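S.K.: A structural model of the following input is requested.
(one chain, ligands or ions: 1)
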Amino acid sequence: AALNAPKIHARVLDGPEALNKSYDYVIIGGGTAGLTVGDRLSEDGKTTVLVIENGELANSDEINNVRDRVSWNAEPWWLYNITSAPNKELENLESTVYIANVVGGSSALNGMQCVRGTTDDYDRWGSFFGNGSTWSWNGILPYFKKGLHFQPPSEEAVDQMPGIKYDEFYWGTTSRLYAGWPSFQWPGIKYQFEVFTELPGVEVPKDSGAGQTGVYWYPTFMDAEGSVNRSYARTGHWDNLNRANYDLITESKVTKIELDGNKATGVVFRPSEVDGEGVEFTTVKANKEVILSAGTIHSPQLLQLSGIGPRKLLESAGIEPKVELPGVGQNFHDHTTLHFEIKFRNYSIHPNRRDDFEDPDFIAWADELWDANRTGPWSRALWNTGAWLGLPVVAPEAYESIAAKVDAQNAADYLPTSSDPTVIAGYQARLASLAEAIRSSDNIFYSHYFSGDEPVNYFTYEHPLSLGTVNINISAPESEPIVDYRTYSNPVDFDIMLELARFHRRINVESPLLAQFDPVETSPGLNVTSREDWVAYMRHNTEPTAMHPTGTCAMMPLELGGVVDEQLRVYGVKGLRVVDASVMSVIVGVNLAGTVFAIAEKGADLIKNGSE
Ligand SMILES: Cc1cc2nc3c(=O)[nH]c(=O)nc-3n(C[C@H](O)[C@H](O)[C@H](O)COP(=O)(O)OP(=O)(O)OC[C@H]3O[C@@H](n4cnc5c(N)ncnc54)[C@H](O)[C@@H]3O)c2cc1C
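M.R.: Down below sits the predicted model:
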C-alpha cells in the first residue's frame, strides 16, 4: 500500500472547466513518448503544456512491481479492445492488438526489457533522406544517453553470471528514467548463453547498448537502486514534477485536430467512455504546436479523422480531405513470432522459473530477501538475456539467395492494390535497404530470450518485410481503426521464417551442449522438415505481433510515401508533429520502448530548437 501513496506531480485536471484558455503545446496521448516530450517542453517552468490522455491515472502495484512482470493482462481496461482484420496468409486469424490505455502508455504495461537496435537500424532511417541526416546512430546515441539513467549491476550480480558486460559510455546518469539490473539471475541461463556464444560469428558486445548484434545481458526499465519498481514514462517524466505549467487531463479522448487552412490550431476531445448523444466536446487551442503521440494505431487514425490522409479513403468515410497525404496509416509493421515448444526431460538445475510457483522453500527464501531489502528473485522482471542475430549467422547457406530474391521484387506486387505510387516507391526503397540488411551480420533478424530452463516457447522475427495498414473504419470512423497486419503478404517472409525456425531447432534441440537436459521438441515436432510442412505450420502458429506496432506515420521523404519530415513535422501542415513509435520508417530489430524514449528526447529538442 505504501507504494500507492499519493505523489506530488504536475496538475491533473478534474475536467475541461479547469483548462487554461490555451497552451503553448497540446500533446495528444500521455504515453511513452507523450509524457517524455511533455516533461522536456515544460522543464523551463514557463512553457505551458497540456497532455490529453484517454486512459486513467492508475495507482497500482500491478504496474509498479517488477516480479515476473508484464502487466498487460492485469486490468482489461488498460488495453484498447481491438482485434485485427482477418489475416489472409494465417488462415484468417484475427488477433488481439496489444496497446495500452493508461497514463504512461505501453511503457506502463510492457515487459520492461531495455534494449537498443543496431547502428544500421538507426542509420537506415536517415539513409532515405540522403547524406547528412541526423537520424543516424551517431545522431540518436546522445538521446539514448539523455533518456536513460544507467544503474550498473552489482559486483555480486556480475560474479554470479559469466558474460555480463557493460560500458557506461553508452549510458547517461541524468534522466529520472532508470535502466537497472536485478540482483538475481537464474543459474541455468549460462547454458543457453554458451550454446549461442559457441556459434561462429557470434560475439558478446561490450555493452547491450553498443548497437551490435550478439548475445548479451540487458537492463530492465526499473529503479534498481531506489524503489526497485518499474521505471516508465509516468515515473520518469511526470511523477514528482511540481510544475504549474504542465497539465494532464485523463480519461479524455481526442477526436480531432483542428485545422485553420493548413495550420493546426488545437484539438477537440470528449470524455473517454461516453458514446452517443449528449457528449460534451471541448476544444483547446495550441499557441505553438499540436504534438501527436497517440501511438502507432491511433496517431494515423487521428490524422485521418482530421482530414489528413489518403484522399479516397477519407472520401469513402465522408471526411473532407484537407491535406492529401497518401502514406498516413500505410507501412504498418511489427515483429512477428513463431510458437515453438521445447521441453527438457531431464533438468535439475535449481532454482529455476518453475520454483517460482512450485517450491515453497524457494518462495519463502525469495519473500524473505524481498521483505528485507528488495533483493532476490522478486527483483527480476521477465527476461534480461537473449540472442540477437543476423541472417549470415543464422542461415549462412541461404541468406544470399534470399537477399537476391528481395532485390528482384517489384514492391507493388505485395501492397494493397489501392496503394499510392509514392507509398509503392517507399516500399521499394525499404526492400532495397532490407536486402542489404539480410546480407549483413549487423542487423538482427532472429531473437530469442533466455529463460534459465526450457526455452521460451517462441522466437521473434525482427525485420519482417510484409507491410500492413491501419485505416479508419469507413462505416464508423470514430470507432477503433481497422488494423490489418497482412503478415506474410510478402512471401519472402516465409523463406526467412523457415531459416529462423530451422536454426532455432538446430540450436535449442540438437545442440550437443544441451543433450544433458534431454530436450524434446513438442511443437512443431521433428516430423516437420519439408518446406511445405513448415509453411503449413507457420500459417497456424505465427503471431503477427510481438506487441511492437510501428511505421504508420513514417519519417520518409514525401515522394517515398512519408508522413513526417526529419523534424517530425507532418507534411503539408503547419504546427503539427508526430512523436511516437509510428514514425519509425523501418522497425528496429529489438523491443521498441528504449528507442521510443530516444525518439521522444530527440523530438523534444527538435521542437525546442525549431518551431515554425
Ligand atoms: C504488453 C506490451 C509489452 C511490451 N514489452 C516491451 C518490452 O519489454 N520492452 C520494450 O522495449 N518494448 C516493449 N513493448 C513496446 C513498447 O512499450 C511500445 O512500443 C512503446 O511504449 C510505444 O510508445 P508510444 O509512445 O508510441 O505509444 P504508447 O506508449 O502506447 O502511448 C500512446 C498513448 O496515447 C493514448 N491515446 C491514444 N489515442 C488517444 C486519443 N484519441 N486521445 C487521447 N489519448 C490517446 C493511449 O491511451 C496511450 O497512453 C511492449 C508493448 C506492450 C503493449
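S.K.: isn't there a helix covering V328?
M.R.: No - V328: not assigned to a helix; according to DSSP: H, G, I helix; E, B strand; the rest coil it is coil.
S.K.: thinking E480 is in contact with N473, fair?
M.R.: Yes - counting by Cβ atoms under 8 Å, E480 does reach N473; the two are 7.1 Å apart. In this view, the C-beta of every residue, glycine as well, is placed from N, C-alpha and C.
S.K.: between these two, point out the one with more neighbours.
M.R.: The neighbour comparison of E480 against N473 (other Cβ atoms under 10 Å) goes to E480, with 17 against 13.
S.K.: give the burial count for the closest residue to the ligand within the chain, as a bare number.
M.R.: Scanning the chain for the residue nearest the ligand gives G31, at 1.9 Å (criterion: Cβ to the nearest ligand atom). The number of residues packed near G31 is 34, by other Cβ under 10 Å.
S.K.: now the helices for the stretch 451-600 of the chain?
M.R.: According to DSSP state H, counting those that start in this stretch, the stretch 451-600 of the chain carries its helices in the segments 492-508, 531-541, 593-609.
S.K.: summarise which helices and strands the longest helix anywhere in the chain is packed against.
M.R.: In the chain, with assignment by DSSP state H, the single longest helix is helix 421-439. Helix 421-439 sits against helix 119-127, helix 391-394, helix 399-407, with contacts defined as 3 or more Cβ pairs under 8 Å, 6 or more residues apart in numbering; DSSP states H and E.
S.K.: mean pLDDT, distance to the ligand and mean neighbour count for those - can I get that in TSV?
M.R.: Formatted as TSV, these follow (pLDDT from 0 to 100; distance: least, Cβ to the nearest ligand atom, whole Å; neighbours: other Cβ atoms under 10 Å):
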stretch	mean pLDDT	distance to the ligand	mean neighbour count
helix 119-127	98	13	22
helix 391-394	98	22	23
helix 399-407	98	26	16
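S.K.: looking at those, spot the one closest to P549.
M.R.: For the helices and strands packed on helix 421-439, the distance to P549 is smallest for helix 119-127, at 16.5 Å, taking Cβ to Cβ.
S.K.: which residues touch C553?
M.R.: Residues near C553 by Cβ atoms under 8 Å, 6 or more residues apart in numbering: 292, 296, 299-300, 303, 327-328, 563-564, 570, 578, 580, 582-583.
S.K.: Y446: which of these is nearest?
M.R.: T296 (23.1 Å).
S.K.: tell me what angle the helix or strand containing that closest one forms with helix 593-609.
M.R.: Using DSSP states H and E, the element containing T296 is helix 295-305. Going by axes from the mean of the first three to the mean of the last three Cα atoms, to 10 degrees, helix 295-305 is angled at 50 degrees with respect to helix 593-609.
S.K.: and helix 295-305, which residues are buried?
M.R.: Residues G295, T296, I297, H298, S299, P300, Q301, L302, L303, Q304, L305 are the ones in helix 295-305 that count as buried (16 or more other Cβ atoms under 10 Å).
S.K.: up against the ligand, what does the stretch 101-250 of the chain have?
M.R.: N101, G105, S106, S107, L109, N110, G111, M112, Q113 (Cβ under 6 Å from any ligand atom).
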